[in-house]
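Chemist: Okay, sequence plus prediction incoming.
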Amino acid sequence: MKAIILAGGRGTRLRPLTHDNPKGLVPMVTRPFIEYQIELLRTHGIHRIVLSLNYMAPEFSRRLQDGARWGVSIEYAVEDVPLGTAGAIKNCETCLGGERVLVLNGDVLTDVDLGRLNAEHEERGSDVTIATVTVDDPAAYGLVLVDSTGLVTGFLEKPGWDEVAVNTINAGIYVIEPSIIADLPQGREISFEREVIPALLAKGAAVRAHASRGYWLDIGTLRNYLKAHMDILDRRIDVMIPGRKVGRGVWSGKNAVVHRTARLAGPVVMGHHVAIQARAEVGPRVVLGHGCSVGEGAHVSESVLHDGVQVGKGAKVRRCIVAAAARIGDACRLDSMVVAPSSVVGAGTRVDPELSAPVAG
Ligand code: GDD
Ligand code: MG
């Protein structure tokens, strides 16, 4: 079976991180996010992947090429203009050779059992199977109403709070029969969630839900992006952490230089060529991208620093996302803040309401 990864969105809710990267290539614990999805597919024996793209499409092919480095083969289906989620699936049709396909939203971090999802789809002879999960904030997703036999009876994309009757949502993972894709209109924008699923339900197609267990998170907001890091560091999802384990909960890339008086309190992940100066304190729950430096006496905790970030002497950085090549001045105090790529932060504290609430849980 082939898989389509839908990765053509602009990632507006992840700005400013998506100014210089599409959402699928934003670093997640120092690796491009899409690597986690490729690994999930590979774990379940899916080695043929079609990447459905629009925004910053050439960046994907430049970084991933034919996929051989990840043990998969990647084809690219690029839209000139965004076609919406169903238009994007239709645009991949020529790559599918008339086969059944697994479709994955390009921004979900998950370990759901794709094999069980496909097996259930096949056993029940469904037209479409929607993987579902339960969440605390269903209004932000596609609400799925299911009867006692697993048949989907209703689908409400981004419902109003007054419409939320259950907390079962669309996980953004589907198995779809080729006949369904054949019937989609060609070359126009169309939403799978808002148009195609409701139309299939209206005509009585066999659309079933598969209640998935395991870890699941849409990383497409700044808060969830930070939470995904904390969850990976806390080992709430079993994914590969890059680098070598050099201490309790501490992973390091090549050529890290950590002053003997600096303190690392795991979990901490460091990329290559990281430098940590005297009396600095790093951790717990910190990712330092390649080439980051942390100045003398600085403190960094519960934060994600992308490549090439410099933290000045005596600065304090807590619960922040700091994008690539940003510089944080000496003695700055940053709490719950998102710092844009290549920016220079002077003094003071600014709290980002989206990040200020605890992300663990
Ligand atoms: N190729 C292509 N073209 N991809 C697109 C397009 C497009 O026009 N529009 C969106 N995508 C991709 C995005 O890049 C993303 O990976 C995926 O489709 C889903 O889009 P989001 O913008 O992240 O949607 P959402 O998170 O608000 O809602 C979707 O995901 C939820 C689960 O995370 C819906 O599928 C919800 O029903 C679902 O609950
Ligand atoms: Mg999303």
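Modeler: Happy to help now that I have it. Ligands and ions are numbered 1, 2, ... in the order given.

Chemist: How about the lengthiest strand in the chain and ligand 2, touching?
Modeler: Scanning the chain for the strand with the most residues, using DSSP state E, yields strand 168-176. No. Using Cβ under 5 Å from the ion, strand 168-176 stays clear of ligand 2, coming no nearer than 6.6 Å. (Glycine included, C-beta is placed from N, CA and C.)

Chemist: Which residue is the nearest non-sequential neighbour of the closest residue to ligand 1 within the stretch 101-250 of the chain?
Modeler: The nearest approach of the stretch 101-250 of the chain to ligand 1 comes at residue 142, 2.3 Å away (Cβ to the nearest ligand atom). Distance criterion Cβ to Cβ, 6 or more residues apart in numbering; nearest residue to residue 142, sequence neighbours excluded, is residue 170 at 3.6 Å.

Chemist: Let me know the pLDDT of that neighbour.
Modeler: On pLDDT, residue 170 comes in at 98.

Chemist: Equivalent analysis for residue 281, please.
Modeler: Note on residue 281: pLDDT of 98.

Chemist: Distance check, residue 64 against residue 320.
Modeler: 29 Å (Cβ to Cβ, to the nearest Å).

Chemist: Settle it for me: which of the two has more neighbours?
Modeler: The residue with more neighbours, out of residue 64 and residue 320, is residue 320; 25 against 22, by other Cβ atoms under 10 Å.

Chemist: Can you check what pLDDT the model gives that one?
Modeler: At residue 320, pLDDT is 95.

Chemist: give the contact list for it.
Modeler: Neighbouring residues of residue 320 by Cβ atoms under 8 Å, 6 or more residues apart in numbering: 303, 304, 334, 335, 336, 337, 338, 339, 355.

Chemist: before we move on, back to that, spit out the contact partners of the residue of the stretch 101-250 of the chain closest to ligand 1.
Modeler: Counting by Cβ under 8 Å, 6+ apart, residue 142 makes contact with 155, 156, 157, 158, 169, 170, 193, 197.

Chemist: So what sits opposite it in the bridge?
Modeler: residue 157 (DSSP bridges).

Chemist: What distance do you get for it to residue 333?
Modeler: 40 Å.

Chemist: Leaving out the residues flanking it, which one is nearest to the residue of the stretch 151-300 of the chain found nearest ligand 2?
Modeler: Per Cβ to the ion, the residue of the stretch 151-300 of the chain with the smallest distance to ligand 2 is residue 220, at 3.6 Å. When the adjacent residues along the chain are set aside, residue 220 lies closest to residue 107, with 4.4 Å between them (Cβ to Cβ, 6+ apart).

Chemist: I'd assumed residue 219 was in contact with the one you found.
Modeler: Yes. Between residue 107 and residue 219 there is a contact under Cβ atoms under 8 Å: 5.3 Å.

Chemist: quick one, which of those two is more surrounded?
Modeler: Under the neighbour definition other Cβ under 10 Å, residue 107 and residue 219 were set side by side, and residue 107 has more, 27 against 24.

Chemist: Okay, the more buried one and residue 237: tell me how far apart.
Modeler: Using Cβ to Cβ, we find residue 107 at a distance of 15 Å from residue 237.

Chemist: any low-confidence regions in the stretch 51-200 of the chain?
Modeler: The model of the stretch 51-200 of the chain has no residue with pLDDT under 70.

Chemist: which bits of it sit near ligand 1?
Modeler: Residues of the stretch 51-200 of the chain found near ligand 1 (Cβ under 6 Å from any ligand atom) are 52-54, 79, 82-85, 88, 105-108, 141-142, 157, 169-170, 172, 193.

Chemist: at 5 Å what do you get?
Modeler: The stretch 51-200 of the chain comes close to ligand 1 at residues 52, 54, 82, 84, 88, 105-107, 141-142, 169-170, 172, 193, as judged by Cβ under 5 Å from any ligand atom.

Chemist: mind listing the helices for the stretch 1-150 of the chain?
Modeler: All helices of the stretch 1-150 of the chain, identified by DSSP state H, counting those that start in this stretch, fall at 34-43, 57-64, 84-91, 93-96, 114-124.

Chemist: want to try TSV for those, with distance to residue 266 as columns?
Modeler: Shown next, in TSV, are these (distance: least, Cβ to Cβ, whole Å):
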stretch	distance to residue 266
helix 34-43	21
helix 57-64	29
helix 84-91	39
helix 93-96	43
helix 114-124	31
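
Chemist: Next up, the contacts around the residue nearest to residue 142.
Modeler: Contacts for residue 170 were tallied using Cβ under 8 Å, 6+ apart; they are 130, 131, 132, 141, 142, 143, 144, 155, 193.

Chemist: which of those has the most neighbours?
Modeler: Greatest neighbour count in the contacts of residue 170, by other Cβ under 10 Å, goes to residue 130: 29 neighbours.
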